[in-house]
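Participant: For reference, the sequence and a predicted model appear below.
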Amino acid sequence: MAASGVDQDKYRSYLYGEGEKNTKWSFGAPPNYDVVNKLFEEGRTKIWPAGSLEEKVQNLVKTWEMEMFHKTCFDDHKSVDPNKYTFSLNGRKPVTLEEKRKLGGGYNSFMQTNLPDKLRGYNPAEETADSSHIAFTTAFPRGFAIEVLQVYSGPPVIVYKFRHWGYMEGPFKGHAPTGDLVELHGMSIFEVSCKDIILIHIVIFFCIFGLIPFICLDLDEHNKIVKVEFFLDRGELLGGLMKGATLESSTDVSAASCPFLRSTG
């Protein structure tokens, strides 16, 4: 969806502006998050003070998510270091950006499972980046919002608890919409590079000897994410999406033909 005159997003960096004029977008133009931002503001359980660590982490997560879903060229990713970045789910082997793309990227990365095929319900091995995007954006036409519930440690190793939610107002994989609130809770670790390596070494030294109980370096645009780990139960999400009545035929619509479906969490 085109920016429609909007020149910034309240919660995401690297979306509009001169620095993005050559960015390659999945749908040809920057996504518009107005609808999901409204869902977020109406449904969040925490309002973090401006400038707080929690607010910075929350905005970093939203920016990272936007780039992962909507930027097709790795060199356009400004929240991560594409040469060092790895992603892992529930303790699995970390994968690079290219390996993550081969998994189908986006939602498929979070739906990895060791369940037998017949028990998967949603099988990421059979989905592409486009088909998975269509499936979830069709189920959540108002988007899939995310909030940070608590930050346990600041950079360079950020540990936080999150909540993802949306309303199932569209079909999902042959199941009728219920209109119900569907939620997903989990934990994540973001490891970021820091510009002041000497300071990091000093902090680590003091931590080893137990002289400071909590690390909290500054989090700013100089930080680049080099490692991401997520811990979640995909069944919490799929259980809410697959409890509706079974449809005789799929009524999923194409996200590519409907600009409204181009916005995600």
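Facilitator: Received it, and whenever you're ready, just let me know what you need. These figures come from a predicted structure and were not determined experimentally.
Participant: mind checking how far residue 125 is from residue 140?
Facilitator: According to CB to CB, to the nearest Å, residue 125 and residue 140 sit 22 Å apart. The way it works is simple: take the backbone N, C-alpha and C, and place the C-beta from them, glycine included.
Participant: Which one's more surrounded, those two?
Facilitator: Legend: neighbour count by other CB atoms under 10 Å for residue 125 and residue 140, higher for residue 140 (27 against 12).
Participant: how about the nearest residue to the more buried one, chain neighbours excluded?
Facilitator: The shortest distance from residue 140 to any non-neighbouring residue, by CB to CB, 6 or more residues apart in numbering, is to residue 166 (3.7 Å).
Participant: Could you check which helix or strand contains the one you found?
Facilitator: strand 157-167 (DSSP states H and E).
Participant: For that strand, list the C-alpha coordinates in PDB.
Facilitator: Written as PDB, here are the backbone C-alpha positions of strand 157-167 (Å, rounded to 0.1, in the frame of the first residue of the first chain):
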ATOM      1  CA  VAL A 157      21.300  -8.800  25.200                       C
ATOM      2  CA  ILE A 158      17.700  -7.700  25.300                       C
ATOM      3  CA  VAL A 159      15.300 -10.200  26.900                       C
ATOM      4  CA  TYR A 160      11.600  -9.400  26.800                       C
ATOM      5  CA  LYS A 161       8.100 -10.900  27.100                       C
ATOM      6  CA  PHE A 162       5.600 -10.100  24.400                       C
ATOM      7  CA  ARG A 163       2.000 -10.500  23.500                       C
ATOM      8  CA  HIS A 164       0.700 -10.800  19.900                       C
ATOM      9  CA  TRP A 165      -3.100 -10.500  19.200                       C
ATOM     10  CA  GLY A 166      -5.700 -10.000  16.600                       C
ATOM     11  CA  TYR A 167      -9.400 -10.700  15.900                       C
END
